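In: Pasting a predicted model and its sequence here:
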Amino acid sequence: MASTVSSKVVLITGTSSGIGLAAAIAAARSGFTTVATLRDPLRADALRKAAEEAGVEIDVRRLDVTDAASVAECVAGVVADHGRLDAVVNNAGAGHVGTLENESVDEVRQVMEVNFFGVVQVAKAALPHLRATGGRLVTVTSVGGVIGQPFNEAYCAAKFAVEGFMESLAPVAASVGVSVSVVEPGPVASEFVANVGVDLDRSVEEAGPYAPALQAYVARTRAAFASAAQTPAEAAETVLQALTADRPAFRLQTSDAARAFNGVKLADLDGSAVQALTTSWLA
Ligand code: NAP
């Protein structure tokens, strides 16, 4: 793809499906030179089809967030070919359903590897380039990054970790001209549930003393996804808002339902009070 320095360059992770795919199309439509990354470029068919239908060009590249070499190579290649990097959307992530007694510490570590260290790895590789452009670092977390949810201990721990990391980084990054935001979806009808990769009915059978609670959780979650899930395109609108608003909030929920849910816990729903406080430490 021809490089252009006249338009802003955004790199998005995890664009084979769901919010990442929709965000790539939305960003390209709004004029960004869009680098849509996937851990397996052979899984780019849906992305390419969506780009064709939308009449937009997308630069598809390989990036596995758990592979430091692939992250470094991709970011360096983007800067070499496009001359700049204005924004990164850390979108790649994977759900996990389980509870402490029924899973290994290695499984918990793997959930952290994808959902937390993957984000850290991409952010670290991108930050010098974002600093050069006064760019934006946007990370898709979850309502589960604010409220811990049953049988999501490892996933919510990883998303809490991302929220804590980014909330801490935000004033520091702002001091060198980089804006940091997190985007918090509630249920979204993507490949997310299928990609958890477990047979939930079988998990209930194997859950021992936790079976009644897991069964109730699975039933409630299926109902929530059936009745209240956003489309990936709807959630991607909030990602685009984080990329394009003059001064995006630190924390953006993707729906009124997500705002109401996180509002149960957060007095500082958009993060502005904490950012004002911690930014004042660096003045
Ligand atoms: P999705 O359709 O399953 O998309 C997840 C994407 O992440 C896929 O493209 C997947 O690629 C990619 N990915 C997974 N591991 C990766 C790795 N190691 N390196 C690079 N890419 C990797 O689900 P989604 O709903 O769009 O999820 C996007 C983000 O939203 C995630 O961070 C998720 O935690 C968050 N979120 C989702 C929901 C929801 O209800 N859907 C709610 C709150 C937050 P492959 O195709 O190769 O697996």
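Out: Received the coordinates, thanks. Numbers count the residues shown, from 1 in each chain.
In: need the residues of the protein near the ligand, please.
Out: Residues of the chain found near the ligand, taking Cβ under 6 Å from any ligand atom as the criterion, are 13-20, 39-40, 43, 64-66, 91-94, 114, 118, 140, 142, 185, 187-188, 190-192, 195, 232. The C-beta positions use only the backbone N, C-alpha and C, and glycine is treated the same way.
In: ranges for the strands of this protein?
Out: If you assign secondary structure with DSSP state E, the strands in the chain sit at 9-12, 33-38, 59-62, 87-90, 136-140, 179-184, 251-253.
In: longest helix anywhere in this protein?
Out: helix 153-174 (DSSP state H).
In: And that helix, how far out from the chain middle?
Out: 12 Å (Cα atoms, centre = their mean, to the nearest Å).
In: Packing partners of that helix?
Out: Using 3 or more Cβ pairs under 8 Å, 6 or more residues apart in numbering; DSSP states H and E, the elements in contact with helix 153-174 are helix 105-112, helix 118-133, strand 136-140, strand 179-184, helix 272-280.
In: Sort out which residues of the last one are buried, please.
Out: Looking back up the chat, that one is helix 272-280. 274-275 (16 or more other Cβ atoms under 10 Å).
In: Which strands or helices does that helix pack on?
Out: When contacts are defined as 3+ Cβ pairs under 8 Å, 6+ apart, helix 272-280 sits against helix 153-174.
In: Same question for the fourth one.
Out: Applying 3+ Cβ pairs under 8 Å, 6+ apart, one finds that strand 179-184 contacts strand 136-140, helix 153-174, helix 232-244, strand 251-253.
In: got a list of what the single nearest residue of the stretch 51-200 of the chain relative to the ligand touches?
Out: Taking Cβ to the nearest ligand atom, the ligand has its nearest neighbour within the stretch 51-200 of the chain at Gly93, 2.3 Å off. Under the criterion of Cβ atoms under 8 Å, 6 or more residues apart in numbering, the contact partners of Gly93 comprise 14, 114-115, 118, 140, 142, 159.
In: Count the residues that sit near Lys265.
Out: For Lys265, the tally of surrounding residues (other Cβ atoms under 10 Å) stands at 11.
In: was I right about it contacting Gly145?
Out: No: in terms of Cβ atoms under 8 Å, Lys265 does not count as a neighbour of Gly145; the distance is 10.8 Å.
In: For the longest helix of the chain, which residues meet the burial criterion?
Out: Under the neighbour-count rule (16+ other Cβ under 10 Å), helix 153-174 has 153-163, 165-167, 169-171, 173-174 buried.
In: which among the residues of the chain next to the ligand end up buried?
Out: For the residues of the chain next to the ligand, a burial check counting by 16+ other Cβ under 10 Å picks out 13-20, 39, 64-65, 91-94, 114, 118, 140, 142, 185, 187-188, 190, 192, 232.
In: Filter those residues down to the ones in helices?
Out: Of the positions in those, 18-20, 118, 192, 232 sit in helices, assigned by DSSP H.
In: Include distance to Val75 and pLDDT when you put those residues into CSV, please.
Out: CSV is the format used below for those (distance: Cβ to Cβ, whole Å; pLDDT from 0 to 100):
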residue, distance to Val75, pLDDT
Gly18, 22, 98
Ile19, 21, 98
Gly20, 17, 98
Gly118, 13, 98
Phe192, 25, 94
Pro232, 25, 98
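In: among these, which two are most distant?
Out: With distance counted by Cβ to Cβ, no two of those lie farther apart than Gly118 and Pro232, which are 19.5 Å apart.
In: Leaving out the residues flanking it, which one is nearest to Ala257?
Out: Counting by Cβ to Cβ, 6 or more residues apart in numbering, Ala257 lies nearest to Gly186, which is 5.2 Å off, once chain neighbours are set aside.
In: Quick check: that neighbour touching Phe225?
Out: No: in this structure, Gly186 sits apart from Phe225 without contact. The criterion is Cβ under 8 Å, and the distance is 9.8 Å.
In: higher neighbour count, these two?
Out: In terms of neighbours (other Cβ under 10 Å), Gly186 is the more surrounded of Gly186 and Phe225; the figures are 23 against 15.
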